[in-house]
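**Q** Following is a predicted model, sequence given first.
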Amino acid sequence: MITMAREVSAEGRLITVILFSVLIAVTLGITIWASRQTKSATDFHSGGRGFSGIQNGFAIGGDYMSAASFLGIAGMIALYGYDSFLYSIGFLVAWLVALLLVAELLRNSGRFTMADVVSYRMKQRPVRTAASVSTLTVSIFYLLAQMVGAGALVALLLGISPGETYLGMSADVAKIVGIVTVGLLMIVYVSFGGMKGTTWVQIVKAVMLMTGAAMLCLLVLSIYNFNFGALMDDAAKASGVGDAFLEPGQRYGVEVAGDAWQTMVNKLDLISLGLALVLGTAGLPHILIRFYTVPDSKAARKSVNWGIGLIGTFYLFTLILGFGAAALVGKEAITTQDAAGNAAAPQLAEEVGIHFGGDFLGAVLLALIAAVAFATILSTVAGLTIASSSSLAHDFYNSVLRRGKASEQEEVKVARFAAIGVGVVAIVLAIFAQSLNVAFLVALAFAIAASANLPTIVLSLFWKRFNTAGAVAGIYGGLISAVGLVFFSPVVSGKLNADGESASLFPKGVDFAWFPLENPGLVSIPVGLLCAIIGTLLSKEKDDVKFARLQVRALTGAGAERAAKD
Amino acid sequence: MTTTQPVPDAGEPPGDDLETRSAAMHDDPRFQELRGRLLRFVVPASIAFLAWYTLYVLMSGYARGVMSTKVIGDANVALIFGLLQFVTTFGIAILYSRYANRRLDPLADELRDELESEGRS
């Protein structure tokens, strides 16, 4: 076991830079190819609906398994042990909601965006405006978390520590270079390659991620003669907390001795997080639009099944990687490199490489896993960008501003510019936010999706009485309560860490928090649902014929959008 | 705002565009059967997996004594319960797909083909 953070060697950096460059070249090649095939709105928003179930299953995996999943969960398991497994489980079980209630029905009844289904039997402009606002909020928050992470990661992967420079860049400069590079790449992927380019980038990433993680797991397990129990044992011993490392309570629902109130709050927070994770996935706009890229609802079902298989296997890998990092790298070395443990997986790769083949193999494996992490960031941010640009162009520009009169060419053109706009906004916000603690934004994005989007989607498919007022109230009610509660929670102000420094977004001394939970789901999900129901009942609007049409279309696929012919 | 009821007169031929035919199909016993079959699987399965998952989350928060009981070697209840969540997720996905292939797709395809064919038989 090493006890100090290892310096990244010069040759290691060189390999990393070469692999990053190869990856960028390959993805740009895909983008150029895809841009030649992207002409119609169906091509741009939905990749021509020509992807097979398996291809889309890999793309779902590529879209969903973000850097937060790969580096974040592996790091959290390495530092806090068992608890972070809850994240993996929530993220996985959530796919049953998508499989059973959303994927096939959405594919049959919609065209390009989530709003197509929700607004089907309602007044177009208010519902699409609301859906667009919610899509953009979820996507920008998620995007921001990924991009701030990307900046830190690039600096980390190149091994630039504070006070040092590489290629003339200090760590701070490298972070900004990382954010801008990721931002520009995602703009290029989306605005030129559209959904076809984005999907292929995600497929490539999913294959790289699964291969890289599987290889690393095999190497870690082989050190322990494929005895997972011995690995757990070692991880628990190295953690310094013993068996507690393998039990719930290190990270979530922490019991504070002598403080019954805080203990209760922590446990409610755990439940609140668990709810948002399991109900959020099927309301994430960038996940929902993936179901439109296949020819029919059967392929949508198949793609979710492949997604579940890949994602589930991957989260089992992260358990091995996390325990492996705890045992082989050690807590001290992990937190020295990055306090949140985001470097644990790359550090593990290096350590395992050194174990099997000395410093050079260590450098090679580190560079490989770094490239996988980079691909992971790129494909997720591209998915978020296309979800935002599709919603802006299709829902807001065409349906709200132009009342559905814009031509296909016009809509695609607007979508391309929207991707540039969203990308620029994300780059600027990420640069301003880079020194802030924005990890909570991922959980917040899930909470908004679970509070604002999922109830309205499910009600619009199954509740005959549901109407415009209900959909609008449900979306805004869920959105505002989730964002509002987090704003007045300890993640934004008033929380101090063990050293007495601010653990919130705002600096020490600012404290306007009154909502005790860090995760709003426990309150905001019921609020969103109630707003949708009350809004519906307060309005007299009712359209049984359109509901009948929607349900028949959703269940039989009659009149569903077809794949574009090449 | 339209509030017309989707009840075409028995003797009167319904309009021949797809939308009108779809609205009429909603009252067809075969469609009601299709919807019934979907809901008969989806509703109990959703309640079951959400309850099972909620139980797991609640026990992680409030039944730590049970969760930390070791079962085999270092594997405690918490780990096994967590892994069982994976098993049930894969299991429900497989069961649903088999059910859908057998009980939903043939009927849905029949209704879709009927609706989409130009001349009504």
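**A** That came in fine, so what should we check first? Note that this is a predicted model, so its numbers are computed, not measured.

**Q** for the chain, what spans make up the strands?
**A** Answering for chain A, as no chain was given. A:165-166, A:169-170 (DSSP state E).

**Q** look at chain B instead
**A** With DSSP E as the criterion, chain B has strands spanning B:70-72, B:75-76.

**Q** And those strands: which comes nearest A:L454?
**A** Among these, strand B:75-76 comes nearest to A:L454, with 32.9 Å by CB to CB. No exception for glycine: its C-beta is placed from N, CA and C like everyone else's.

**Q** Listing partners with orientation, what would you give for the closest one?
**A** If you go by DSSP bridges, strand B:75-76 pairs up with strand B:70-72 (antiparallel).

**Q** would you put the C-alpha positions of stretch B:108-121 in PDB?
**A** Taking C-alpha atoms only, stretch B:108-121 is exported to PDB below (Å, rounded to 0.1, in the frame of the first residue of the first chain):
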ATOM      1  CA  ALA B 108     -51.000  -4.600 -29.900                       C
ATOM      2  CA  ASP B 109     -49.700  -5.500 -33.400                       C
ATOM      3  CA  GLU B 110     -53.100  -6.800 -34.400                       C
ATOM      4  CA  LEU B 111     -54.900  -3.600 -33.400                       C
ATOM      5  CA  ARG B 112     -52.200  -1.400 -34.900                       C
ATOM      6  CA  ASP B 113     -52.300  -3.200 -38.200                       C
ATOM      7  CA  GLU B 114     -56.100  -2.900 -38.300                       C
ATOM      8  CA  LEU B 115     -55.900   0.800 -37.500                       C
ATOM      9  CA  GLU B 116     -53.200   1.600 -40.000                       C
ATOM     10  CA  SER B 117     -54.600  -0.400 -42.900                       C
ATOM     11  CA  GLU B 118     -56.300   2.000 -45.300                       C
ATOM     12  CA  GLY B 119     -59.600   0.200 -46.100                       C
ATOM     13  CA  ARG B 120     -61.400  -1.000 -43.000                       C
ATOM     14  CA  SER B 121     -62.200  -4.700 -43.100                       C
END
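
**Q** Okay, buried residues for it please.
**A** The neighbour-count check on stretch B:108-121 (16 or more other CB atoms under 10 Å in any protein chain shown) flags B:A108, B:L111, B:R112, B:E114, B:L115 as buried.

**Q** So which of those would count as near chain A as well?
**A** B:A108, B:L111, B:R112, B:L115 (CB under 8 Å from any CB of the partner chain).

**Q** Please list all residues in contact with the residue nearest the centre of chain B.
**A** Centroid check for chain B by CA atoms, centre = their mean gives B:V42 as the closest residue, at 2.9 Å. Going by CB atoms under 8 Å, 6 or more residues apart in numbering or on different chains, B:V42 touches A:L100, A:L101, B:Y96.

**Q** which stretches of chain B form helices?
**A** B:18-25, B:29-62, B:64-67, B:77-99, B:105-116 (DSSP state H).

**Q** then the third one to CSV, C-alphas only?
**A** Backbone C-alpha positions of helix B:64-67 (Å, rounded to 0.1, in the frame of the first residue of the first chain) are rendered in CSV as follows:
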residue,chain,number,x,y,z
ARG,B,64,-28.7,-1.3,11.2
GLY,B,65,-28.4,-4.1,13.7
VAL,B,66,-30.0,-6.5,11.3
MET,B,67,-28.2,-5.1,8.3
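
**Q** The worst-scoring helix or strand of chain A on mean pLDDT pairs with which strands?
**A** Using mean pLDDT, DSSP states H and E, strand A:165-166 stands out as the lowest-scoring helix or strand of chain A, at a mean of 73. Applying DSSP bridges to the sheet, strand A:165-166 is found paired with strand A:169-170 (antiparallel).

**Q** what distance separates the strand it pairs with from the centre of its chain?
**A** 29 Å (CA atoms, centre = their mean, to the nearest Å).

**Q** What of stretch A:292-300?
**A** Worked out by CA atoms, centre = their mean, stretch A:292-300 lies 22 Å from the chain centre.

**Q** Please list the outside residues in contact with it.
**A** Taking CB under 8 Å, 6+ apart as the rule, stretch A:292-300 contacts A:45-47, A:49-53, A:56, A:59, A:103-108, A:110-112, A:195, A:199, A:291, A:302-303, A:557, A:560-563, B:105.

**Q** Now the residue lying closest to A:L71 once chain neighbours are set aside. Its backbone dihedrals?
**A** Counting by CB to CB, 6 or more residues apart in numbering or on different chains, A:L71 lies nearest to A:N342, which is 4.6 Å off, once chain neighbours are set aside. Torsion angles at A:N342 (phi, psi; degrees, to the nearest 10) stand at phi -60, psi -20.
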